[in-house]
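Chemist: this is the structure alone, sequence omitted:
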């Protein structure tokens, strides 16, 4: 997915929007390309906890990446009700019967999630090792790009302004 096609912001744990620099996004893209090659996964992507895709690589067929991202965010939210994230920042899902890909999720800094789909021929251990290596790289990238975090006050002012403009546009429709 090219930088122009991809959203470049996510939400932090505090609710503030994070705007990644184009350099950080390019480095995240490269880290995912390396992860895909090293892990032999079918596809990998990084999303925020809302399902917004920050970067992706690999073959998502037959599902669209956006569909997979929304489902992944829902799965993580559901799993968090059963297992504390403090207990396990990673989860692997296996499907028994048929030739269905396995899925591995790893929580990254703040509210970000690394998701990987891989076949049965790839071991969970090799997937976890590659994910941890990539996660370390991504967390350092995110930390180094924190200077681009907008404070909540600026975001609230921007949202209020946009809402007022939308209200002006649609006031005759009511």
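Modeler: Perfect, I can see it now. Here the structure is a predicted model, which means the values were calculated and not measured. Numbers count the residues shown, from 1 in each chain.

Chemist: output the contacting helices and strands for the one helix or strand residue 73 maps to.
Modeler: Using DSSP states H and E, residue 73 falls within helix 65-82. With contacts taken as 3 or more Cβ pairs under 8 Å, 6 or more residues apart in numbering; DSSP states H and E, helix 65-82 sits against strand 43-48, strand 53-58, strand 102-107, strand 112-118. Heads up, the C-betas are built off the backbone N, CA and C, glycines and all.

Chemist: can we see that at 10 Å?
Modeler: strand 43-48, strand 53-58, strand 90-93, strand 102-107, strand 112-118 (3 or more Cβ pairs under 10 Å, 6 or more residues apart in numbering; DSSP states H and E).

Chemist: just give the number of residues close to residue 96.
Modeler: 5 (other Cβ atoms under 10 Å).

Chemist: would you confirm that it belongs to a strand?
Modeler: No: read with DSSP: H, G, I helix; E, B strand; the rest coil, residue 96 is coil and lies in no strand.

Chemist: for it, give its distance to residue 120.
Modeler: Per Cβ to Cβ, to the nearest Å, residue 96 is found 10 Å from residue 120.

Chemist: just residue 50 next, same as before
Modeler: The separation that residue 50 has from residue 120, given Cβ to Cβ, amounts to 31 Å.

Chemist: ok, residue 109 next?
Modeler: Separation of residue 109 from residue 120 (Cβ to Cβ): 30 Å.

Chemist: so which of the two has more stuff around it?
Modeler: Neighbours were counted for residue 109 and for residue 120 using other Cβ under 10 Å; residue 109 has more, 16 against 11.

Chemist: assign that one to helix, strand or coil.
Modeler: coil.

Chemist: what of residue 133?
Modeler: Classification of residue 133 using three-state DSSP returns helix.

Chemist: so where is the chain shaky, pLDDT-wise?
Modeler: Along the chain, the parts satisfying pLDDT under 70 run over 1-20, 84-87, 110, 146-174.
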